[in-house]
Structures are given as structure tokens and as C-alpha cells.
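>>> Just to be clear, the model below is a prediction. Sequence and coordinates:
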Amino acid sequence: GIDGPTRGVVYVIAAYTGLRRGEIGGLRESDFDFEEGTVTVRAAVSKNRREAVLPLHATVRQVVSDFIAERGALG
């Protein structure tokens with residue numbers, strides 16, 4: 001039940017990070033650090049229940065930051 005642009009962002013995140021659907025669905029805008037180029041997967045949403053800080057590819061940084069700028073939030 002998500003629209004096309006949101007689905008596109010989800011696919012980009014999945015392809016470049018390897019995160020699972022539930023992990024991506026649990027991400028918040030505050031989990032992204034665009035200056036450092038990382039995303040934090042909180043323990044509450046990760047498969048192994050451990051927090052992970054992952055590097056973000058430049059493509060993901062751009063796509064997600066543009067999406068947030070246009071929509072005002074994730075999702």
C-alpha cells in the first residue's frame with residue numbers, strides 16, 4: 001500500500017544497503033545522518049536486535065534527502 005515514489009526510495013535503500021523490508025519500514029528520518037553519510041538501524045527494528053550504523057552510498061544519500069525535502073518525511 002505505498003505509492004510509486006515511496007516504493008522507488010525503498011528499492012534504492014534496499015539495493016544499496018541490503019536492509020530487509022521490516023528494517024526499511026522501521027527507519028525514521030532521524031536515523032539518517034547525511035553529513036556523516038550513515039544510517040542507524042535501531043535494535044528494535046533490526047533482524048538480530050542489535051543496533052547497526054551503516055555507510056550510505058552517495059546515491060542513497062541523494063535519493064533519500066530529495067524525498068524528505070519533497071515530502072517532508074519518510075513514508
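On my side now, so go ahead.

>>> So what touches stretch 2-16?
For stretch 2-16, the external contacting residues (Cβ atoms under 8 Å, 6 or more residues apart in numbering) are 19-21, 24, 27, 56-57, 59-60, 63-64, 67, 71, 74-75. Any C-beta I mention is one placed from the backbone N, CA and C, and that applies to glycine too.

>>> For it, the averaged confidence score.
Averaging pLDDT along stretch 2-16 yields 95.

>>> Next, Thr40: secondary structure please.
What DSSP: H, G, I helix; E, B strand; the rest coil gives for Thr40 is strand.

>>> Ala52 is in contact with that one, correct?
Yes. With contacts counted by Cβ atoms under 8 Å, Thr40 reaches Ala52, the gap being 7.3 Å.

>>> And the furthest pair within the contacts of stretch 2-16?
Largest separation among those by Cβ to Cβ: Arg20 and Arg71, giving 22.5 Å.

>>> thinking again about what came up before, of the contacts of stretch 2-16, select the buried ones using a PyMOL command.
Selection of buried members from those for PyMOL, criterion 16 or more other Cβ atoms under 10 Å:
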select buried, resi 19+24+27+56+60+63+64+67+74
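
>>> Which of the contacts of stretch 2-16 fall in helices?
Of those, the ones assigned to helices by DSSP state H are 21, 24, 59-60, 63-64, 67, 71.

>>> Tell me how far the closest residue in space to Ala43 that isn't next to it in sequence lies from Val45.
Using Cβ to Cβ, 6 or more residues apart in numbering and skipping the chain neighbours, the partner closest in space to Ala43 is Glu51 (4.6 Å). Using Cβ to Cβ, to the nearest Å, Glu51 is found at 10 Å from Val45.

>>> No further queries at this time; thank you.
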